[in-house]
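In: Kindly generate the corresponding structure for this input.
(chains A and B)
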2 protein chains.
Amino acid sequence: MNKYQFKIIKRDKNSSARIGEIRTSRGKVATPVFMPVGTLGAVKAMSPEELEKIGYEIILANTYHLYLRPGDKLIEKCGGLHKFINWNKPILTDSGGFQVMSLQKFRKISEEGIKFQSHIDGSYHFFSPEKVMEIEHSLGADIIMVLDECAPYPCSYEYAKNSAELSLRWAQRCKDAYQKMNGNQILFGIVQGSIFDELREENARELIKIGFDGFAIGGLAVGEEKEDMLRIVKLLDGMLPEEKPRYLMGVGTPIDLLENVERGIDMFDCVMPTRHARNGSAFTKNGRLTVRNGEYKEDFRPLENECNCYTCRNFSRAYIRHLININEILGVRLTTIHNLTFYFNLMKDIRKAIMNDNFMELKREFIERYNGGNDSES
Amino acid sequence: MNKYQFKIIKRDKNSSARIGEIRTSRGKVATPVFMPVGTLGAVKAMSPEELEKIGYEIILANTYHLYLRPGDKLIEKCGGLHKFINWNKPILTDSGGFQVMSLQKFRKISEEGIKFQSHIDGSYHFFSPEKVMEIEHSLGADIIMVLDECAPYPCSYEYAKNSAELSLRWAQRCKDAYQKMNGNQILFGIVQGSIFDELREENARELIKIGFDGFAIGGLAVGEEKEDMLRIVKLLDGMLPEEKPRYLMGVGTPIDLLENVERGIDMFDCVMPTRHARNGSAFTKNGRLTVRNGEYKEDFRPLENECNCYTCRNFSRAYIRHLININEILGVRLTTIHNLTFYFNLMKDIRKAIMNDNFMELKREFIERYNGGNDSES
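Out: Take a look at the predicted model:
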């Protein structure tokens, strides 16, 4: 039974930022929300218990990857993805369109769908919109995404136009296939159109006509200039129905999150906190800190003084540096816990600031301090 | 202040097995005990919190490895090993004699000590008995070991004799150096002598004369026949002072633990549960289960039905197999938690059986079931 509801709780006075709540049959999600990425059915290095302890209410998984390994049918047999990975809160599955485009050497796109080779064993597979809906149904995530073609960047206007129009027809087919299933999942459309305003507008307009439970913005954070991303998001902020959640896929740095919350985005996902953690890089309010570096050798302070995560309450930079340098798993676990806590707390601070009508102030102060710190790159 | 005390609580009626308690200023350790190996200051893949949750009261660390990385002086500056790694219960440090022998291509043994090359960067180092006492003092473990030469297996009677006599002279020098330090650590001697009864007897006799807080048996589990190991342990059971703890170094399989508890051993350490975990192999009462294997692909049961560990309460063989196959850290974490729980529970069962005067029964039943199971190799 679909208990889906999206409720806006408060709008910021000085921007398009808003706080809301996504309700699903597996619990609620406070927005704006950052969703940790659990591509293959595990947020790298983390246990579900640890994610819950930080406070996460939703995680991401990937249809393409789970379809190849361990297989959607196996997961269905187990009773669905939640049961398989022991995560009882909401899950969102991406459709795999992006992965097919970015991971595959061989892929052939036709009206019907995408033929591609597995990146694991080279075997051939075919994703149609209907097939992807079927896989996402087997996995049983709470929020599912339509199959889209994620255009590469840069690409010509012509390519972007054809690609966005194809994605649109696929979106309609996904919707049709979805309606024939028992339909207790929440279905999101994905706006494409590269960095061309006209194409984005046209694409959004048509997707809205088809009608979805929420709208994702795809095809950004793929190499374009920051201003292009922000312009497109602002454009879509003016077009997408206010009462539906908006999800900016694959974004981003802490500053990206602030910039796009300002432009009306409710949902984000990104591998950045977990990937940087594995490289020994920790997010702090003063910028990123590469704890691997020699300068932290005898630094017995926590990664971040103000942080209250398990890592910062118990371990020093010197110890974490030692663990990372000897390739000890615990090192990656500790930086991952910290980074995911940092992202969680940032979103919590954002929600609180919107509630208190000082979001723009939070944004300004955060960016000033973050860029003045160790590492202004992200 | 040294609050060390070893108390025997109960002796088995039908064997040399005994339950006891080692008291240290950082808490007590119930014996017979298995000590997880945290060579470089972390039990691989585990957090200290998880070890405590399982019930572990003591862990091992290695002097040689910590001396090279991150350095004993750095650890001393941090306030000692306990603080550095955030483990507040007892720690035992091995002296590094075994590692110098097994890891180094270049090593030169003289009366004075061992000259060796670092396995990391090829730099030259020198361990004398006095130097090792100094390092172990800097690290600050609760129980420390003398420097010994661990003779290779097989070796000639002549080699073993000279080696054991050298280790004896080093033991005396360790004791002397130890007495000049402020001496609030618990110092163990190590009996050497390969598989030659006469040498072991002579060596034990002289070590007892020097006087130590406990006695370790080194140079076993290095490739000799099982009967040789058991014969030497039985021999020493008849010689070592009953009121001091006995520690069989580097042992072993679940069956080894039972066999040697029967022969009066109180303490064990081994990388087996953690190393097998990393290879996707889980200990169960029916033998080892290689969860990586294809046969567990759709097996939605826990690793072991009767097990109450975090892993078995929450995850299936199919999921763990998937995680191990995609090289996901969580997979190794889950098998490690399970294997360390298995070893902990085995020791708990052993202590309980000794208390109830049915240790030999437990041993017989355990071995029968274990060897009748999936994998009789260990």
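
In: The residue nearest to residue A:229 when sequence neighbours are not counted in helix, strand or coil?
Out: Closest residue to residue A:229 apart from its sequence neighbours, by Cβ to Cβ, 6 or more residues apart in numbering or on different chains: residue A:220 at 4.8 Å. For the C-beta atoms, the positions are set from N, CA and C on the backbone; glycine is no exception. Counting by DSSP: H, G, I helix; E, B strand; the rest coil, the backbone at residue A:220 sits in coil.

In: since we're on residue A:220, how many residues are nearby?
Out: When neighbours are counted by other Cβ atoms under 10 Å in any protein chain shown, residue A:220 registers 27.

In: Test my guess that it contacts residue A:250.
Out: Yes: contact criterion Cβ atoms under 8 Å: residue A:220 and residue A:250 qualify, at 7.5 Å.

In: Then residue A:119 would be within a helix, right?
Out: No: counting by three-state DSSP, residue A:119 is not part of a helix but coil.

In: Tell me who's in contact with it.
Out: By Cβ atoms under 8 Å, 6 or more residues apart in numbering or on different chains, the contact set of residue A:119 is A:68, A:103, A:104.

In: Just those: which are in helices?
Out: Cross-referencing the contacts of residue A:119 against helices under DSSP state H gives A:68, A:103.

In: Kindly indicate the member of the contacts of residue A:119 with the most neighbours.
Out: Among those, the one with the most neighbours (other Cβ under 10 Å) is residue A:68, at 19 neighbours.

In: Does that one touch residue A:118 like I think?
Out: Yes: taking contacts as Cβ under 8 Å, residue A:68 lies within contact range of residue A:118: 5.5 Å.

In: got any residues that touch both of these two?
Out: Both residue A:68 and residue A:118 are in contact with residue A:125, where contact means Cβ under 8 Å, 6+ apart.

In: Give the closest residue to residue A:290 in space, chain neighbours not counted.
Out: residue A:281 (5.0 Å).

In: quick one, what contacts the one you found?
Out: The contact partners of residue A:281, by Cβ under 8 Å, 6+ apart, come to A:288, A:289, A:290, A:291, A:292, A:335.

In: For residue A:352, see how far away residue A:132 is.
Out: 37 Å (Cβ to Cβ, to the nearest Å).

In: My error: substitute residue A:250 in the last question.
Out: According to Cβ to Cβ, residue A:250 and residue A:352 sit 25 Å apart.

In: Those two - which one has more neighbours?
Out: Ranked by neighbour count (other Cβ under 10 Å), residue A:250 and residue A:352 place residue A:250 first, with 21 against 13.

In: Report the contact partners of that one.
Out: Residue A:250 sits next to A:98, A:220, A:221, A:222, A:269, A:270 when contact means Cβ under 8 Å, 6+ apart.

In: Can you tell me the closest non-neighbouring residue to the first one?
Out: The one in question is residue A:98. Nearest to residue A:98 is residue A:150, by Cβ to Cβ, 6+ apart, at 4.5 Å.

In: tell me the SS of that neighbour?
Out: Assigned by three-state DSSP, the conformation of residue A:150 is coil.

In: what does chain A put close to chain B?
Out: Residues of chain A lying close to chain B (Cβ under 8 Å from any Cβ of the partner chain) are A:40-42, A:44-49, A:69-70, A:74, A:77-78, A:84-86, A:297-298, A:300, A:310, A:314-316, A:318-319, A:321-323, A:325-326, A:328-334.

In: Recalculate using a threshold of 6 Å.
Out: For chain A, the residues in contact with chain B (Cβ under 6 Å from any Cβ of the partner chain) are A:40, A:42, A:45, A:70, A:78, A:84, A:86, A:298, A:300, A:314-315, A:319, A:322, A:326, A:328-330.

In: Now restrict the residues you listed to buried residues only.
Out: Taking 16 or more other Cβ atoms under 10 Å in any protein chain shown as the criterion, what is buried in the residues of chain A next to chain B is A:40, A:42, A:45, A:70, A:78, A:84, A:86, A:298, A:300, A:315, A:319, A:322, A:326, A:328-330.

In: buried residues in stretch A:25-35?
Out: Going by neighbour count (16+ other Cβ under 10 Å), the buried part of stretch A:25-35 is A:26, A:28, A:29, A:30, A:31, A:32, A:33, A:34, A:35.

In: Can you report phi and psi for whatever residue of the stretch 101-250 of chain A ends up closest to chain B?
Out: As assessed by Cβ to the nearest Cβ, chain B sits closest to residue A:120 within the stretch 101-250 of chain A, at 9.5 Å. For residue A:120, the backbone dihedrals (degrees, to the nearest 10) come out as phi -90, psi -50.

In: Equivalent analysis for residue A:22, please.
Out: According to degrees, to the nearest 10, residue A:22 has phi -100, psi 120.

In: Now do the SS call for the residue lying closest to it once chain neighbours are set aside.
Out: Nearest non-adjacent residue to residue A:22, counting by Cβ to Cβ, 6+ apart: residue A:29, 4.3 Å away. Following three-state DSSP, residue A:29 is assigned to strand.

In: contacting residues around residue A:29?
Out: Listed by Cβ atoms under 6 Å, 6 or more residues apart in numbering or on different chains, the contact partners of residue A:29 are A:22, A:57, A:58, A:90.

In: So the second one is in contact with residue A:88, correct?
Out: No: using Cβ atoms under 6 Å, residue A:57 is not in contact with residue A:88, being 10.9 Å away.

In: neighbour-wise, which of these two wins?
Out: Taking other Cβ under 10 Å, residue A:57 and residue A:88 do not tie; residue A:57 has more neighbours (20 against 12).

In: if I pick the more buried one, what's in contact with it?
Out: With contact taken as Cβ under 6 Å, 6+ apart, residue A:57 is in contact with A:29, A:89.

In: In a helix, it, correct?
Out: No: applying three-state DSSP, one finds residue A:57 to be coil, outside a helix.

In: For chain B, see how far away it is.
Out: Counting by Cβ to the nearest Cβ, to the nearest Å, the gap from residue A:57 to chain B is 19 Å.

In: With residue A:90 as the reference, measure out to that residue.
Out: Distance from residue A:57 to residue A:90, by Cβ to Cβ: 7 Å.

In: cool, and residue A:268?
Out: Distance from residue A:268 to residue A:90, counting by Cβ to Cβ: 15 Å.

In: Kindly report the same for residue A:60.
Out: 10 Å.

In: cool, and residue A:187?
Out: Residue A:187 is 14 Å from residue A:90, by Cβ to Cβ.

In: ok, now residue A:316?
Out: According to Cβ to Cβ, residue A:316 stands 36 Å off from residue A:90.

In: Filter the contacts of residue A:281 down to the ones in strands?
Out: A:288, A:289, A:290 (DSSP state E).

In: burial measure for residue A:243, as a count.
Out: Other residues lying near residue A:243 total 9 when counted by other Cβ under 10 Å.

In: Helix, strand, or coil at it?
Out: At residue A:243, secondary structure determined by three-state DSSP is coil.

In: Only the C-alpha atoms, please, for stretch A:250-259, written as PDB.
Out: Extracted in PDB, the C-alpha atoms of stretch A:250-259 (Å, rounded to 0.1, in the frame of the first residue of the first chain):
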ATOM      1  CA  GLY A 250      24.900  13.000  -8.100                       C
ATOM      2  CA  VAL A 251      25.400  16.300  -6.300                       C
ATOM      3  CA  GLY A 252      27.700  17.200  -4.600                       C
ATOM      4  CA  THR A 253      30.200  19.200  -2.500                       C
ATOM      5  CA  PRO A 254      29.000  20.800   0.700                       C
ATOM      6  CA  ILE A 255      28.800  24.200  -1.100                       C
ATOM      7  CA  ASP A 256      26.800  22.600  -4.000                       C
ATOM      8  CA  LEU A 257      24.300  21.400  -1.500                       C
ATOM      9  CA  LEU A 258      23.900  24.900  -0.100                       C
ATOM     10  CA  GLU A 259      23.600  26.500  -3.500                       C
END
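
In: Same question for that stretch: list its buried residues.
Out: A:250, A:251, A:252, A:253, A:254, A:255, A:256, A:257, A:258, A:259.

In: do stretch A:162-176 as well
Out: Buried-residue list, stretch A:162-176, by 16+ other Cβ under 10 Å: A:163, A:164, A:165, A:166, A:167, A:168, A:170, A:171, A:172, A:173, A:174, A:175.
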